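# Here's my sequence, what's the structure:
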Amino acid sequence: MFKYTVGDITLDLALVQPLDLLTGSRHSVDRDLSLRHFRSRLPVTSEFISLQSVIRGTLLVLDFATHSDFFLVDHIDSDMFLCAQSL
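The predicted structure is shown next:
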């Protein structure tokens, strides 16, 4: 997230990188802990958006074993936990 100023107008922007939920065979630890595993798409599909257009976001943590994969952190609050259950 960053601010971009043009003249007297300041825009709050974010670079958004699309991710895909990984399905199929998962590591037994991931399955036992109910971890949701995501993989990033090619960087060319990323785009800048206005932060004013964001309705809901989520916290993702990098999987240090593979630098293009992330885990969804769904235990921040009950709303995030319930939303993640539908994935």
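
# Need the nearest residue in space to the spatially most central residue of the chain, chain neighbours excluded.
In the chain, the C-alpha nearest the mean C-alpha coordinate belongs to Leu60, at 5.0 Å (Cα atoms, centre = their mean). For Leu60, ignoring the flanking residues on the chain, the nearest one in space by Cβ to Cβ, 6 or more residues apart in numbering is Phe70 at 4.0 Å. (C-beta placed from N, C-alpha, C; glycine too.)

# The strand or helix carrying that neighbour pairs with which strands?
Phe70 is located in strand 69-72, with elements delineated by DSSP states H and E. Partner strands for strand 69-72, per DSSP bridges, with pairing direction: strand 37-40 (antiparallel), strand 60-62 (antiparallel).

# next SSE after that strand?
Of the helices and strands lying after strand 69-72 in sequence (DSSP H and E), the nearest is helix 78-85.
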